[in-house]
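Trainee: Quick one, structure for this:
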Amino acid sequence: MSVEAERDKAMATRARENVFGGVDIDRMAERRDDRLWVEDTERRADAHFLVLDTEGRTFVQAEVDRPCWMTPSMRAERFGDVPSTLLGLAGGNAWFTLVLDEAHAEVYATLTRARRMSLREAGLLFDAFDAGLFAYAKGITHWQRQTRFCSLCGAPTLLVSSGHRAQCTNPDGPHLHFPRTDAAIIVIVEDGDACLLGRQRGWPQGRYSTLAGFIEPGESLEDAVRREVREESGVEVLHATYHSSQPWPLPASLMVGFTATAKTREIRLRDDELEDARWFTVDDIVRGMTEGTLGVPPPLSVSYRLIEHWLALRGVSLDELVAETAGKA
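Mentor: Below is the predicted model:
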């Protein structure tokens, strides 16, 4: 295998291993407009419905940290008037999602004896497929709630294509709206033996993380890396290299992770986004975490993976360091 092929394989593997990034599903985009096929698929015995409430939480089995899937029979008998959104086919099963208003949600919780769980919590507890499917469902249903009216003329919209399109109902000029995702970069900047980390006000005491920010119009991902690092820390970036990406529907983002090389180490906090920014050596990180004066983001975020990757290249396992630190708590 060539060096380029090995690099591409490593990048793809890293992306799949990120939380919410492990969904191997055929989204069946070519069948979304086939209403009869979708309705037949909803009635299949192997159909599973991931249920969300209006706040984007899902319902979890009381005894275990797994989703409480609604069956086709329960949907037909109790919730047949609630529209569903096709997510796709995977593992020989059909996967859908639907959103229950509070009255229906209370009924469902009582029937199933389920509790509610947020995506952030589920990302640390669900297996890769369930967590990724929950993220997919939360993202598409959030877009649906935000697109109830046409942004061009203000007319109400009608969900079509099994929930993946919003059709404006204005007879004089209907417009079709598509799901949107807000791209953001997140980057670990290095210079020799140190990496740049920052902290925001309101974070837990001692927590530092990689720098991040949204892409602006007319901007490449690499340009966004240079701009965001410069705006937040004053540090100039020379090179940026893609690491991996992570769906982040909180509410509607895609985090694109990078490693980058700094031109200088001079820090000037420019835009008031950060409370502090510092250069950390491997020893600084190990000592700070061991002494309890430094915290890193939870494994939920790709930020953790970027720090993990940087430390691993220098012979330190972040997972082991976190476990050791937890054992002393």
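Trainee: Surely residue 107 and residue 82 touch.
Mentor: No: in terms of Cβ atoms under 8 Å, residue 107 does not count as a neighbour of residue 82; the distance is 11.1 Å. The way it works is simple: take the backbone N, C-alpha and C, and place the C-beta from them, glycine included.
Trainee: Comparing those two, which residue is more hemmed in?
Mentor: Each of residue 107 and residue 82 has its neighbours counted (other Cβ atoms under 10 Å); residue 82 has more, 16 against 13.
Trainee: For residue 264, give its distance to residue 189.
Mentor: Distance, residue 264 to residue 189, using Cβ to Cβ, to the nearest Å: 11 Å.
Trainee: Please say which of the two ends up with more neighbours.
Mentor: residue 189 (29 against 10).
Trainee: Show me the strands in the chain, by range?
Mentor: 47-53, 58-60, 84-90, 93-100, 115-117, 157-160, 165-168, 176-177, 182-191, 194-199, 211-214, 237-248, 253-262, 276-281 (DSSP state E).
Trainee: Give the residues shared as contacts by residue 264 and residue 189.
Mentor: Shared contacts of residue 264 and residue 189, defined by Cβ atoms under 8 Å, 6 or more residues apart in numbering, comprise residue 235.
Trainee: So which bits of stretch 276-286 are buried?
Mentor: 277, 279-280, 282, 284-286 (16 or more other Cβ atoms under 10 Å).
Trainee: ignore the last one, stretch 313-327
Mentor: In stretch 313-327, counting by 16+ other Cβ under 10 Å, buried: 318, 321-322, 325.
Trainee: ok, so of the residues you listed, who is nearest residue 74?
Mentor: residue 322 (40.3 Å; Cβ to Cβ).
Trainee: which ones are touching the closest one?
Mentor: Residue 322 touches 289, 296, counting by Cβ under 8 Å, 6+ apart.
Trainee: can I assume residue 62 is in contact with residue 114?
Mentor: Yes: with contact defined as Cβ under 8 Å, residue 62 and residue 114 form a contacting pair (6.4 Å).
Trainee: Of all residues in this protein, which one is nearest the centre?
Mentor: The residue lying closest to the centre of the chain (Cα atoms, centre = their mean) is residue 248, at 2.0 Å.
Trainee: for it, what are its contacts?
Mentor: Shown in contact with residue 248 (Cβ under 8 Å, 6+ apart): 20, 135, 184, 254-255.
Trainee: how much space is there between it and residue 123?
Mentor: 10 Å.
Trainee: Settle this for me: residue 219 is touching residue 226, isn't it.
Mentor: No: Residue 219 sits out of contact with residue 226 when judged by Cβ under 8 Å, with a separation of 9.7 Å.
Trainee: higher neighbour count, the two?
Mentor: residue 226 (21 against 16).
Trainee: hmm, back to that, including distance to residue 291, could the strands of the chain go into TSV?
Mentor: Shown next, in TSV, are these (distance: least, Cβ to Cβ, whole Å):
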stretch	distance to residue 291
strand 47-53	42
strand 58-60	36
strand 84-90	45
strand 93-100	45
strand 115-117	33
strand 157-160	53
strand 165-168	52
strand 176-177	52
strand 182-191	22
strand 194-199	16
strand 211-214	24
strand 237-248	28
strand 253-262	26
strand 276-281	13
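Trainee: what would the ones you listed look like in TSV with mean pLDDT and distance to residue 312?
Mentor: Shown next, in TSV, are the strands of the chain (pLDDT from 0 to 100; distance: least, Cβ to Cβ, whole Å):
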stretch	mean pLDDT	distance to residue 312
strand 47-53	98	34
strand 58-60	98	33
strand 84-90	98	31
strand 93-100	98	34
strand 115-117	97	31
strand 157-160	97	44
strand 165-168	97	42
strand 176-177	96	43
strand 182-191	98	12
strand 194-199	98	12
strand 211-214	97	20
strand 237-248	96	12
strand 253-262	98	12
strand 276-281	98	15
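Trainee: returning to that earlier point: for residue 62 and residue 114, indicate the residue with more neighbours.
Mentor: Between residue 62 and residue 114, residue 114 has the larger neighbour count (other Cβ under 10 Å), namely 19 against 11.
Trainee: residues touching the more buried one, list them.
Mentor: Residue 114 neighbours (Cβ under 8 Å, 6+ apart): 59-62, 68, 108.
Trainee: again, but for residue 196
Mentor: 188-190, 211, 229, 233, 235, 262, 267, 277-280.
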